[in-house]
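**Q** Okay, sequence plus prediction incoming.
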Amino acid sequence: MIYSPTYAQNGRIMVRDYELMLILPTELEEAVAQDTVQRVQGFITSHGGEINSFEIWGRRRLAYPIQHHRDGIYHLARFSLVAEEAPELDRTLQRNEQVLRHMMIRLD
């Protein structure tokens, strides 16, 4: 799907700041986990975004079981992205089988 970019009143393309939390299963091999993280980073940069920080929070206990998993590996990303590309990133993460859960919020 092709979107025409949204422009602010000054004629510039609207780039917004986002925060993304990813939870990956602990059973995932290190190479597969790194590949998943690199794909997310690649999506952001290839769609005109800029990654401000990408932190690995490590293994944490989940509040409730997700797909029979009690623990997960948390990753936190802060980045800027063109507003029209955020829903596509969200859909991509929903379809990714390696991601247990994710939450992306727009920072104000």
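**A** It's in. Numbering: from 1, shown residues only.

**Q** any idea which helix is longest in the protein?
**A** helix 30-46 (DSSP state H).

**Q** quick one, strands of this protein?
**A** All strands of the chain, identified by DSSP state E, fall at 15-25, 50-66, 69-82, 101-106.

**Q** ok, so what distance separates the residue nearest the centre of the chain from Tyr64?
**A** The residue lying closest to the centre of the chain (CA atoms, centre = their mean) is Leu20, at 4.7 Å. Between Leu20 and Tyr64 the distance, using CB to CB, to the nearest Å, works out to 21 Å. (Each C-beta comes from the backbone N, C-alpha and C, glycine too.)

**Q** Ala86 is in contact with Arg106, correct?
**A** Yes: in this structure, Arg106 is within contact of Ala86 by CB atoms under 8 Å, at 7.3 Å.

**Q** which neighbours do those two share?
**A** 16, 18 (CB atoms under 8 Å, 6 or more residues apart in numbering).

**Q** And the two? Which one has more around it.
**A** Ala86 (18 against 11; other CB atoms under 10 Å).

**Q** ok, and the closest non-adjacent residue to that one?
**A** Sequence neighbours aside, Tyr18 is the residue nearest to Ala86 in space, at 6.4 Å (criterion: CB to CB, 6 or more residues apart in numbering).

**Q** swap in Met103?
**A** Nearest residue to Met103 in three dimensions, chain neighbours excluded: Met21, at 4.9 Å (CB to CB, 6+ apart).

**Q** Ala83 versus that neighbour, what's the distance?
**A** As judged by CB to CB, Met21 and Ala83 stand 20 Å apart.
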